[in-house]
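Engineer: Got a sequence here, can you model it:
(one chain, ligands or ions: 1)
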Amino acid sequence: MENEITGKTRLAGLYALPARHSFSPMMHTTSFQETGVDAVYLSFDVPPEKLGTSIQAIRDLEMLGVNLSMPHKMAAVQYVDELSQAARLIGAINTIVNQDGKLIGHTTDGIGCMESLKQNQINVIGNKITIIGAGGAATAIITQAAIDGVAAIDVFNIKDDFYQKVEPKLTEIAKETQCKIELHDLANEQRLAESLAASCLLINATSIGMAPNTDQIPLPDVKLLRKDLAVFDVIYHPGETQLLHEAKKVGAKAVNGLGMLLYQGAAAFELWTGKKMPTELIQPLLEKEIKK
Ligand code: NDP
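Structural biologist: Residues are numbered from 1 along each chain as shown. Coordinates of the predicted model:
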C-alpha cells in the first residue's frame, strides 16, 4: 500500500506517560503499511486525570484501539466494557480493542513471552517453570503460562509489602487455571535451588541486570544454571544480560526480552486488524531502534 493518509485512515495509538520514547509507532505504522491496513499509530502523553476521557475518545473518534503503558495499565480496566480472561485475572490491560463502540481490554505481554518461547523451541506446556519477580511483567507471564497449560510455576520475590499483595492474586490464577502456583521468598536459596532443579525454564521478570546496572544478576549462584535449564530474560537492553551470558556458558538456551516486546505488539496488531504482523520485517527494525 502507498504511504498515504486518506479521509478513511483510522487511528490507533499508545496512551502512556511518558509515551514519546516508545517503539510502538514504528512497529505498528510499518505493519499497517506492509499489510495494506489504512491506519496510523501515534503516541499520546496521557496524564492520569485524563485517562477516562482519552479512553472515551476511542469510541468518539472511532479509533481501532490503543495500547496502554505505565502508569495506566491497571487504572484503564475501569473504563472498558469487557475484559479478556487474562486481563480479568491480572487486573491490568495493555491493549484496548474498539468493537463498534464496545471496548474490550486485553493483556498481550504474557502472550508475547509465550510466543517468544515457542519461536525458540522452548516447550513449557505441561512442565514446571521458575520465575523471579512478581510485578507487572511477571504477573502477565504467569497468567498466560497458566492459561496455556504450564503445569507448575514457582514464583520468587523479595519478601516485602508487595509480596503479601500478590499472594491472593496468584491463588486466584491457580484456582481458575489448575496450574500449581507457589510464591516463595527470593532469599530462600535452598527452595530456589530445589525449584530450579525441577524446572525446564527460568524466567527473570525483574529489572535486575538492565542497563545501566549490567553487572547485576538475579541468582545467588550461577552454579544453579545447567544445560537443560532454558533461561528467558524480560530485559532486552542490554541484548545479553549477565544472566543470559552465564546461561550460554553452560550451554543452555538463552533468550532475551526482545521477542516478548515484538510478539506482544503482534498480538495487539492482530486483535485490531485480524492480520498477522510481519514480524520478520519488524524484528530487525526493533533491534536497530533499541541500539540507538
Ligand atoms: P514492576 O516494578 O511491576 O516489577 C518489578 C519486579 O522486580 C518486582 O517483582 C520487584 O519486586 C522485583 N525487583 C525489582 N528490583 C529488585 C531487586 N533488586 N531484587 C529483587 N527483586 C527486584 O516492573 P515490570 O514488571 O513492569 O518490569 C520488570 C522488567 O520487565 C523491566 O526490566 C521491564 O523493562 C521489563 N519488561 C519487559 C517487557 C518486554 O516486552 N520484554 C514488557 C514489560 C516489562 P518488589 O516489587 O517486591 O520490589
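
Engineer: who in the protein is up against the ligand?
Structural biologist: Residues of the chain lying near the ligand by Cβ under 6 Å from any ligand atom: 109, 112, 133-138, 157-158, 160, 162, 186, 205-208, 210, 234-236, 257, 260-261, 264. Just so you know, the C-beta spots here come from the backbone N, C-alpha and C atoms, and that holds for glycine as well.

Engineer: From the residues you listed, which land in helices?
Structural biologist: 109, 112, 136-138, 162, 260-261, 264 (DSSP state H).

Engineer: Next, count neighbours for the closest residue to the ligand within the stretch 101-250 of the chain.
Structural biologist: With Cβ to the nearest ligand atom, the shortest gap between the stretch 101-250 of the chain and the ligand falls at Gly135, namely 1.8 Å. By the criterion of other Cβ atoms under 10 Å, Gly135 has 14 neighbours.

Engineer: residues contacting it?
Structural biologist: Remark: with contacts taken as Cβ atoms under 8 Å, 6 or more residues apart in numbering, Gly135 is in contact with 162, 205-206.

Engineer: quick one: which of those has the most company?
Structural biologist: Across those, neighbour numbers were computed from other Cβ under 10 Å; Ala205 holds the maximum, 29 neighbours.

Engineer: and the ones in helices among the residues of the chain next to the ligand, which are buried?
Structural biologist: The neighbour count (16 or more other Cβ atoms under 10 Å) marks 109, 112, 136-138, 260-261, 264 as buried among these.

Engineer: Out of the residues you listed, which is nearest to Ala12?
Structural biologist: When those are compared for distance to Ala12 (Cβ to Cβ), Gln264 wins out at 14.5 Å.

Engineer: need the contact list for the closest one.
Structural biologist: Contacts for Gln264 (Cβ under 8 Å, 6+ apart) come out as 94, 108-109, 111-113.

Engineer: Just the pLDDT for the residue nearest the centre of the chain.
Structural biologist: Residue closest to the mean C-alpha point of the chain, counted by Cα atoms, centre = their mean, is Asp109 at 2.2 Å. Here, the pLDDT recorded for Asp109 equals 97.

Engineer: Lys291 now?
Structural biologist: Here the pLDDT value assigned to Lys291 is 80.

Engineer: mind exporting the host helix or strand of Leu244 as PDB, just the C-alpha atoms?
Structural biologist: Take DSSP states H and E as the rule and Leu244 turns out to sit in helix 242-249. The C-alpha coordinates for helix 242-249 follow below in PDB (Å, rounded to 0.1, in the frame of the first residue of the first chain):
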ATOM      1  CA  GLN A 242      24.800 -11.300  32.700                       C
ATOM      2  CA  LEU A 243      22.200 -14.000  33.500                       C
ATOM      3  CA  LEU A 244      21.900 -14.900  29.800                       C
ATOM      4  CA  HIS A 245      25.700 -14.800  29.400                       C
ATOM      5  CA  GLU A 246      26.100 -17.300  32.200                       C
ATOM      6  CA  ALA A 247      23.300 -19.500  30.800                       C
ATOM      7  CA  LYS A 248      25.000 -19.600  27.500                       C
ATOM      8  CA  LYS A 249      28.300 -20.500  29.200                       C
END
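
Engineer: Do me a favour and average the pLDDT over that helix.
Structural biologist: For helix 242-249, mean pLDDT is 98.

Engineer: can you give me the offset of that helix from its chain's centre?
Structural biologist: 22 Å (Cα atoms, centre = their mean, to the nearest Å).

Engineer: Just give the strands next to the helix or strand just after it in its sheet, each with its orientation.
Structural biologist: Where DSSP H and E defines the elements, the next helix or strand beyond helix 242-249 is strand 254-255. Strand 254-255 has the following strand partners under DSSP bridges: strand 230-233 (parallel).

Engineer: just to revisit the earlier point, and for the residue nearest to the centre of the chain, nearest residue in space, chain neighbours not counted?
Structural biologist: Nearest residue to Asp109, sequence neighbours excluded (Cβ to Cβ, 6 or more residues apart in numbering): Ala140, at 3.9 Å.
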